[in-house]
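What follows is a predicted protein model with its sequence.
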Amino acid sequence: VIATFSTAYLLSGAAMYLWLRSQSKMPLTGSLIYMAAPYHAFNFYVRGALAEALATAIIPLVLLGLRKLGRGERGGFALSAGSYAALIITHLPLALLASIFLIGPYVLVQAKKAPDRFAAVGAALAAGLMLSGIYLVPAVMLEPYRDSAKLWADPMLRPYNWTFWNPAIRSSKNYIAVLIIGVSLSVPLCGLVARHRSRWALGGLIVVALAVGLVPIVWTLPLLKSVQFPFRLFPIAEFALASGIATAAPGLGESAIALAALLSATVPITASISPAVVSLDELASEHPDVPENLPPGERPYSWPSRWALQVASTHETSRYAEGVTVA
């Protein structure tokens, strides 16, 4: 798991560098800003969101492919289609949010500059969608056979409840961490808007407002109401911040302030981790169900899972030898 998260961090930096290097004199600065952004740490230390961390690293590659395609450069179609498919397969909620709040607006802006390339861009995204069919088709076809309603049964898993205007959410440690992330991103974003009139930064501020739930009605819209947490928009704001800083090319002092604002949020959000509700020993002995992946309807599976315990009873006791556990 640590190796995969480390790969996600390195891929984030490398992908952002590739995205920025042909349009900025500060691609390395933008790359570092993207890696230091606090939502990366929140995913690692607090949420353990492995797939989402990897998807965050893919986003710059999608934009890079679309820019190449819009300019008629070689390899743009393959990179756009392949990276968009990878984004969808890796983390569908973030792929949906990126499509609506980043990829879509970027394509529309590019279409104004080069309308003759719009069809090619649309074809590349459609090809990416079809490539992701190896995941999407089974997911859709098997939906009636699992209890997916459990994904939103808990009010905490409905995005329109994650709002500053909800006292029950506002007092939770995780939402306080979300607010800290939002503030740490907003400080440099506001600076870029005020000093450099950065459109990237302005878009990033709008995304931050939506991510902390200041406009909860947005999260009642079709599709958006299924993403569980509005703060999953933060990678888009972080992308906008990194792009805004790199393209505005502020002085060293301003860049250092932005980096300090991001890093200063890391300590409080990683310290906000709540005590584990369930210990590892309890998980090993009780084998709790993941209800959304079980068949729909009434069943005798709960806590502990009768089915899992029955299966476990047919296996030998775990053996440990030479640093390896065999179960």
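In hand now; what should we look at?

host element of A111?
helix 104-113 (DSSP states H and E).

Excluding chain neighbours, what is closest to I88?
S132 (4.0 Å; Cβ to Cβ, 6 or more residues apart in numbering). Any C-beta I mention is one placed from the backbone N, CA and C, and that applies to glycine too.

now the one you found: how far from Y39?
In this view, S132 and Y39 are 24 Å apart by Cβ to Cβ, to the nearest Å.

list the buried ones in the helix or strand S255 falls within?
Using DSSP H and E, S255 sits within helix 252-270. For helix 252-270, the buried set under the neighbour-count rule, 16 or more other Cβ atoms under 10 Å, comprises 254-255, 258-259, 261-262, 265-266, 269.

got it, and stretch 163-176?
Residues of stretch 163-176 classed as buried by neighbour count (16+ other Cβ under 10 Å): 163-164, 166, 169, 174-175.

just stretch 223-236 next, same as before
Neighbour counts using 16+ other Cβ under 10 Å place 224, 226-236 of stretch 223-236 among the buried residues.

about what we covered before: D154: which of the buried residues of stretch 163-176 is nearest?
Of all these, D154 sits closest to I169, with 12.2 Å by Cβ to Cβ.

and the helix holding S255, how far from the chain's centre?
20 Å (Cα atoms, centre = their mean, to the nearest Å).

same question, stretch 169-176
How far stretch 169-176 lies from its chain's middle: 19 Å, per Cα atoms, centre = their mean.

Can I get that stretch as PDB, trimmed to CA atoms?
Provided in PDB are the C-alpha atoms of stretch 169-176 (Å, rounded to 0.1, in the frame of the first residue of the first chain):
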ATOM      1  CA  ILE A 169     -21.300  17.700   9.900                       C
ATOM      2  CA  ARG A 170     -19.700  21.000  10.700                       C
ATOM      3  CA  SER A 171     -18.500  19.800  14.100                       C
ATOM      4  CA  SER A 172     -17.000  16.500  12.900                       C
ATOM      5  CA  LYS A 173     -13.200  16.100  12.800                       C
ATOM      6  CA  ASN A 174     -13.200  15.100   9.200                       C
ATOM      7  CA  TYR A 175     -15.200  18.200   8.100                       C
ATOM      8  CA  ILE A 176     -12.900  20.500  10.100                       C
END
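
picking up where we left off before, now the buried residues of stretch 223-236 in CSV, with secondary structure?
Formatted as CSV, these follow (DSSP: H, G, I helix; E, B strand; the rest coil):
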residue, secondary structure
L224, helix
S226, helix
V227, coil
Q228, coil
F229, coil
P230, helix
F231, helix
R232, helix
L233, helix
F234, helix
P235, helix
I236, helix
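
Turn those into JSON lines, including pLDDT.
Below are these laid out as JSON lines (pLDDT from 0 to 100):
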{"residue": "L224", "pLDDT": "95"}
{"residue": "S226", "pLDDT": "92"}
{"residue": "V227", "pLDDT": "93"}
{"residue": "Q228", "pLDDT": "91"}
{"residue": "F229", "pLDDT": "94"}
{"residue": "P230", "pLDDT": "96"}
{"residue": "F231", "pLDDT": "95"}
{"residue": "R232", "pLDDT": "95"}
{"residue": "L233", "pLDDT": "96"}
{"residue": "F234", "pLDDT": "96"}
{"residue": "P235", "pLDDT": "96"}
{"residue": "I236", "pLDDT": "97"}
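
Contacts only, for W219.
By Cβ atoms under 8 Å, 6 or more residues apart in numbering, the contact list for W219 reads 158-160, 162, 213, 225, 227, 230.

returning to what we had before: okay, S132 and Y39: which has more neighbours?
Neighbour totals were compared for S132 and Y39, and Y39 leads with 31 against 21 (other Cβ atoms under 10 Å).

follow-up on the earlier one: how far does the helix holding A111 sit from the chain's center?
Here helix 104-113 shows a centroid-to-chain-centroid distance of 22 Å under the convention Cα atoms, centre = their mean.

Also stretch 155-166?
With Cα atoms, centre = their mean, you get 18 Å for stretch 155-166.

That one spans what distance, first to last residue?
Start to finish, the residues bounding stretch 155-166 are 11 Å apart (Cα to Cα, to the nearest Å).

which residues are in contact with that stretch?
For stretch 155-166, contacts defined as Cβ under 8 Å, 6+ apart pick out 151-152, 168-170, 175, 178-179, 212-214, 216-217, 219-220, 224-225, 227-231.

List the ones among those that fall in helices.
Those of the contacts of stretch 155-166 mapping onto helices are 168-170, 175, 178-179, per DSSP state H.
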